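Peer 1: Sequence first, predicted coordinates after that:
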Amino acid sequence: MCVCVCVCVCVCVCVCVCGPQRRSQKRAPSFRRLLKTSGVKLQNKQEARRQRQQSRDRKQQKSLRRALRGHAAHSTPRPLDACKPRPEEEEDEEAFVESLPTDMMDEDDLQQITASFINRDLAPERPGGRKRRADVVRSFEKLPRKQLRTEEQDLVQLLPIKDRRGGVIPQSMQRPGSVWRWFKSPGGCNVVSPPEEEPQSSVELTAEEREQLRAQRISERKLRIAGLASAVIADPANNIKRLKELRGMLMEADPSVAVTVRKLVMVSLMEIFKDIVPSYKIRPLTSTEKAAKVKKETLQLREFEEGLVSQYKFYLEDLEQTVKDWKQRKRKRSQAVALQAYRGLAVVAVRCLCELLLALPHFNFHNNIIVMLVPLMNEPNRTVSGLCCSAVASLFQQDKVGVASLGVVRVISGLVKSLNYNVRPEVLRTLVSLRIKEVQLKKDTEDTAPKSKFMNYKDKKKNLSRMQRKWKKAEERLQKELLEAEASESKEKKIKVHTETLNIVFLVYFRILKKAQKSVLLPCVLEGLANFAHLINVEFFDDLLSVLQSLIQSGDLSDRESLHCIQTAFNILSGQGDVLNIDPLSFYSHLYRTLPRLHAGRCNDDIIIVLRCLDVMLTRRRKQVTLQRAMAFIKRLSMLSLHVLPNAAVAIMAASRAVMHAFPRCDLLLDNEVQGSGLYLPELDEPEHCNPQNTSLWELHRLQRHFHPLVRRFALHLSHGAPSDGSAALSAQLSRSAPEQLFDDYSLKDMTFNPPVAAPSTKKKVTHSHTHTHTHTHTHTHTHPFTSVIPDHIYRFVDICSSFP
């Protein structure tokens with residue numbers, strides 16, 4: 001019993017000495033529980049608890065010493081009062097000791113407990129527990145805070161250094177961007193001295209220095225771009241990942257070089273893709289192909305193709321996002337580029353898209369490029385719109401198969417319909433560049449009819465066995481795959497694609513003729529109909545001719561639009577429409593009425609349309625044209641040649657020569673004027689009733705004195721009846737040249753004479769005769785310094801001009 005009491009007392013003493021560190025959530029063991037526990041077990045528990053407490057104390061003391069090391073130079077002795085317990089704790093301990101059963105303890109144990117409580121605050125056996133540490137922290141908090149203060153606030157703390165004695169000396173410096181100097185503080189600490197008053201020019205860079213720094217950065221970026229691009233082009237299969245690094249430079253963050261670097265990266269990537277893209281379309285692999293085992297070379301090729309397609313896709317997305325940011329006037333992706341600079345980036349992006357549209361029509365995402373560029377054709381910005389329209393026109397001209405052209409025409413048709421025909425005329429003018437020469441005019445309903453099976457019942461009844469039919473079917477499938485592998489298309493497929501393309505084009509044209517006759521698109525529609533009218537189906541001839549005739553009679557069209565209407569009508573009649581018994585007299589009269597309104601002061605390009613109309617109206621339809629009509633047109637063309645530019649005069653006389661060859665009896669116009677059947681009525685607008693047989697081509701005499709040598713040559717040739725041999729005959733080159741070719745060859749677009757005017761051989765003297773009132777006459781002959789250098793053709797030109805009323 002005494003042993004149990006001693007054990008209990010020892011446990012209580014240990015608990016009191018250590019102090020209540022942390023209240024445990026477990027319930028304290030009762031006295032009966034302690035009596036049932038062996039003394040060895042209790043000692044082990046107390047020893048473990050004591051070790052854990054000592055470990056906590058060491059960690060806490062270590063953290064305190066670390067905190068004190070930077071703030072106190074010397075450790076101050078701690079007063080003994082700091083180790084004394086608080087009064088309330090002493091009262092608790094005394095009450096606990098008094099509550100112990102002293103009658104059950106030995107005298108030695110009681111004396112030891114009493115002595116430990118008495119001597120605890122004076123000579124403790126070990127450092128105090130949690131109470132002592134708490135007191136130390138409280139006393140430390142009461143101490144004044146000591147901190148090194150400097151007048152300079154904008155300091156950066158550096159790594160400290162040690163002196164010879166081992167002392168740590170803190171280091172600090174002023175932030176970059178200002179001039180600073182070191183000085184040693186009285187306490188031995190090197191700090192930064194703030195500059196007193198320095199001029200601002202020493203802190204900020206000058207304009208020249210900024211420009212030099214920008215040029216240096218641009219050169220560094222150029223070298224990096226060149227290195228990455230060279231690596232990719234040298235070995236595309238192994239360096240395809242370099243495209244990702246190069247594409248990452250599209251997000252250049254330096255504002256001084258961001259715009260230039262992005263433009264360079266866009267153009268570089270465009271040229272790289274044009275070089276490394278294969279000549280076939282890459283399709284995604286199926287699940288079966290991915291699961292199959294292949295050779296190492298095939299696996300590398302697949303990885304290269306997959307990486308190429310993904311990088312090409314990301315590049316196109318970057319270009320599209322650049323254009324969208326410019327159109328929406330938003331700056332979403334980066335703050336390094338100003339809104340004003342996005343226009344230049346967008347122009348470069350559009351230029352890259354146009355180059356890819358023309359260079360890679362066979363590769364992936366070509367339809368996506370078409371969808372991006374076609375709406376930009378209607379952009380108010382003339383630069384962007386011009387780039388897109390020229391790219392689409394070039395695509396139409398170089399597309400041999402017609403698949404890419406069909407995709408563009410579909411998107412243009414949807415754009416015109418969605419905008420309710422409020423588009424720029426240049427959008428529809430690009431359709432004139434389509435290379436459609438042959439279409440399937442008959443059996444158009446076969447394209448819309450459902451496809452029949454491989455063989456019908458009658459074909460199966462032939463002398464072909466089931467195995468033979470199977471082999472024939474497999475052979476046709478193999479032939480189709482071979483054509484796809486060779487990238488060659490059959491003629492039937494090409495005609496089918498062209499037919500579908502032309503149907504969409506005519507659908508757009510007919511919609512505008514029906515719903516928007518007063519639109520600005522009407523000239524483009526009439527020009528397109530004039531080019532493709534010979535490919536229109538016969539079923540639409542009557543309706544189209546009636547619409548064209550109503551447009552001409554309305555009087556709302558300009559001369560150019562009227563000429564397009566006339567050209568369209570006669571293209572229809574000269575093709576499949578020749579079987580129709582129609583006399584387009586109103587179109588002849590309108591052209592005859594329009595010719596006098598063309599002169600050198602207006603657009604010279606209208607002469608081209610006149611030449612085409614004359615060819616299809618007179619030369620090709622010589623059997624349907626009367627002699628009176630042909631002579632009236634020759635007379636009016638001779639009058640027109642006096643009022644146009646030299647190249648137009650040459651082309652008009654070449655057209656008159658062709659009409660004279662088609663109607664040999666027109667040589668009546670080379671005789672003197674007669675009045676047998678009435679006077680010639682030049683102001684009458686009806687070619688059949690103006691009596692052209694009673695006049696003569698006196699204009700040829702004036703044209704023989706023209707300053708242009710070729711005009712004089714043609715006038716002399718026509719005045720002699722357009723002979724094929726003799727002195728008045730033309731050269732072989734001129735006689736074989738078409739009027740349109742002569743118009744282009746001798747054009748004055750370069751503002752030079754073609755052929756060049758030869759210098760005069762001799763100086764011409766001007767003689768003036770003066771008659772005086774004297775009986776004799778004096779003749780004075782002198783040469784003016786200005787008139788001596790005037791060529792002869794200038795005098796002829798002045799003579800011709802003076803003949804005009």
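Peer 2: Cool, the structure landed.
Peer 1: host element of Arg217?
Peer 2: For Arg217, the host element (DSSP states H and E) is helix 207-234.
Peer 1: what does stretch 412-420 contact?
Peer 2: 374-375, 377-378, 423, 427-428, 430-431, 504, 507-508, 511-512 (CB atoms under 8 Å, 6 or more residues apart in numbering). All C-beta spots, glycine's among them, are computed from the backbone N, C-alpha and C.
Peer 1: Separate out the buried members of those residues.
Peer 2: Neighbour counting over those (16 or more other CB atoms under 10 Å) leaves 374-375, 377-378, 423, 427-428, 430-431, 504, 508, 512 as the buried ones.
Peer 1: Could you list the buried residues of the helix holding Arg217?
Peer 2: Neighbour-count burial for helix 207-234 [16+ other CB under 10 Å]: 217-218, 221, 225, 228-229, 231-232.
Peer 1: Could you identify the most distant pair in the buried ones among the contacts of stretch 412-420?
Peer 2: Pro375 and Ile512 (18.8 Å; CB to CB).
Peer 1: follow-up on the earlier one: who does the helix holding Arg217 touch, helix- and strand-wise?
Peer 2: Applying 3 or more CB pairs under 8 Å, 6 or more residues apart in numbering; DSSP states H and E, one finds that helix 207-234 contacts helix 242-248, helix 258-276.
Peer 1: deepest of these, which one?
Peer 2: helix 258-276 (a mean of 20; mean count of other CB atoms under 10 Å).
Peer 1: Run the angle between it and helix 207-234 for me.
Peer 2: Here the directions of helix 258-276 and helix 207-234 differ by 20 degrees (axes from the mean of the first three to the mean of the last three CA atoms, to 10 degrees).
Peer 1: immediately after helix 258-276, which helix or strand?
Peer 2: Remark: after helix 258-276, the chain's next helix or strand is helix 287-291, criterion DSSP H and E.
Peer 1: Now do the same for that next one: mean pLDDT, whole number.
Peer 2: Throughout helix 287-291, pLDDT has a mean value of 86.
Peer 1: for stretch 752-763, same thing?
Peer 2: On average, stretch 752-763 scores 71.
Peer 1: what's the answer for stretch 466-482, then?
Peer 2: 82.
Peer 1: export that stretch as PDB, just CAs?
Peer 2: Taking Å, rounded to 0.1, in the frame of the first residue of the first chain, the C-alpha atoms of stretch 466-482 are listed here in PDB:
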ATOM      1  CA  ARG A 466     -21.100 -13.300-111.300                       C
ATOM      2  CA  MET A 467     -17.400 -13.600-110.900                       C
ATOM      3  CA  GLN A 468     -16.900 -11.500-114.100                       C
ATOM      4  CA  ARG A 469     -19.200  -8.800-112.800                       C
ATOM      5  CA  LYS A 470     -17.300  -8.800-109.500                       C
ATOM      6  CA  TRP A 471     -13.900  -8.500-111.200                       C
ATOM      7  CA  LYS A 472     -15.300  -5.600-113.400                       C
ATOM      8  CA  LYS A 473     -16.500  -3.800-110.400                       C
ATOM      9  CA  ALA A 474     -13.200  -4.200-108.600                       C
ATOM     10  CA  GLU A 475     -11.300  -3.000-111.800                       C
ATOM     11  CA  GLU A 476     -13.400   0.200-112.000                       C
ATOM     12  CA  ARG A 477     -12.700   0.900-108.300                       C
ATOM     13  CA  LEU A 478      -9.000   0.300-108.800                       C
ATOM     14  CA  GLN A 479      -9.000   2.700-111.800                       C
ATOM     15  CA  LYS A 480     -10.600   5.400-109.700                       C
ATOM     16  CA  GLU A 481      -7.900   5.000-107.000                       C
ATOM     17  CA  LEU A 482      -5.200   5.200-109.600                       C
END
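Peer 1: Check what pLDDT the residue lying closest to Ala729 once chain neighbours are set aside gets.
Peer 2: In space, and not counting its chain neighbours, Ala729 is closest to Pro723: 5.2 Å by CB to CB, 6 or more residues apart in numbering. Pro723 is assigned a predicted lDDT (pLDDT) of 89.
Peer 1: Spell out the secondary structure type for Pro723.
Peer 2: coil (DSSP: H, G, I helix; E, B strand; the rest coil).
Peer 1: ok, now which ones touch Asp559?
Peer 2: The contact partners of Asp559, taken as CB under 8 Å, 6+ apart, are 594, 597-598, 606.
Peer 1: Where neighbours are concerned, which of the residues you listed has the most?
Peer 2: Leu598 (21 neighbours; other CB atoms under 10 Å).
Peer 1: Quick check, pLDDT for that one.
Peer 2: 87.
Peer 1: Which strand or helix spans Gln157?
Peer 2: Applying DSSP H and E, one finds Gln157 within strand 155-162.
Peer 1: how about the helices in the stretch 451-600 of the chain?
Peer 2: Here the stretch 451-600 of the chain has its helices, by DSSP state H, counting those that start in this stretch, at 457-460, 466-485, 491-515, 522-532, 541-554, 559-574, 585-594.
Peer 1: What is the fifth one packed up against?
Peer 2: When you say that, I think you mean helix 541-554. Helix 541-554 packs on helix 559-574, helix 585-594, going by 3+ CB pairs under 8 Å, 6+ apart.
Peer 1: Please identify the buried residues of it?
Peer 2: For helix 541-554, by 16+ other CB under 10 Å, it's 541, 544-545, 547-549, 551-552.
Peer 1: could you dump the buried ones among the contacts of stretch 412-420 to JSON lines with distance to Ala48?
Peer 2: Putting these into JSON lines (distance: CB to CB, whole Å) gives the following:
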{"residue": "Val374", "distance to Ala48": "84"}
{"residue": "Pro375", "distance to Ala48": "81"}
{"residue": "Met377", "distance to Ala48": "87"}
{"residue": "Asn378", "distance to Ala48": "87"}
{"residue": "Val423", "distance to Ala48": "91"}
{"residue": "Val427", "distance to Ala48": "91"}
{"residue": "Leu428", "distance to Ala48": "96"}
{"residue": "Thr430", "distance to Ala48": "93"}
{"residue": "Leu431", "distance to Ala48": "96"}
{"residue": "Ile504", "distance to Ala48": "93"}
{"residue": "Val508", "distance to Ala48": "95"}
{"residue": "Ile512", "distance to Ala48": "99"}
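Peer 1: and which of those is nearest Gln61?
Peer 2: Among the buried ones among the contacts of stretch 412-420, and counting by CB to CB, the member closest to Gln61 is Pro375, at 76.0 Å.
Peer 1: Now for the residue nearest to the closest one when sequence neighbours are not counted, how many residues are close by?
Peer 2: Spatial nearest neighbour of Pro375, excluding adjacent residues (CB to CB, 6+ apart): Leu415 at 6.2 Å. Leu415 is flanked by 17 other residues according to other CB under 10 Å.
Peer 1: What of the one 4 residues further on?
Peer 2: Counted with other CB under 10 Å, the neighbours of Leu419 add up to 12.
Peer 1: Need the pLDDT of it.
Peer 2: Predicted confidence (pLDDT) at Leu419: the value is 90.
Peer 1: Next, the distance between the ends of stretch 597-610.
Peer 2: 12 Å (CA to CA, to the nearest Å).
Peer 1: Pull out the buried positions in that stretch.
Peer 2: Per 16+ other CB under 10 Å, stretch 597-610 contains these buried residues: 598, 604, 606-610.
Peer 1: where does the stretch 551-700 of the chain have low pLDDT?
Peer 2: Residue ranges of the stretch 551-700 of the chain with pLDDT under 70: 575-581, 674-676.
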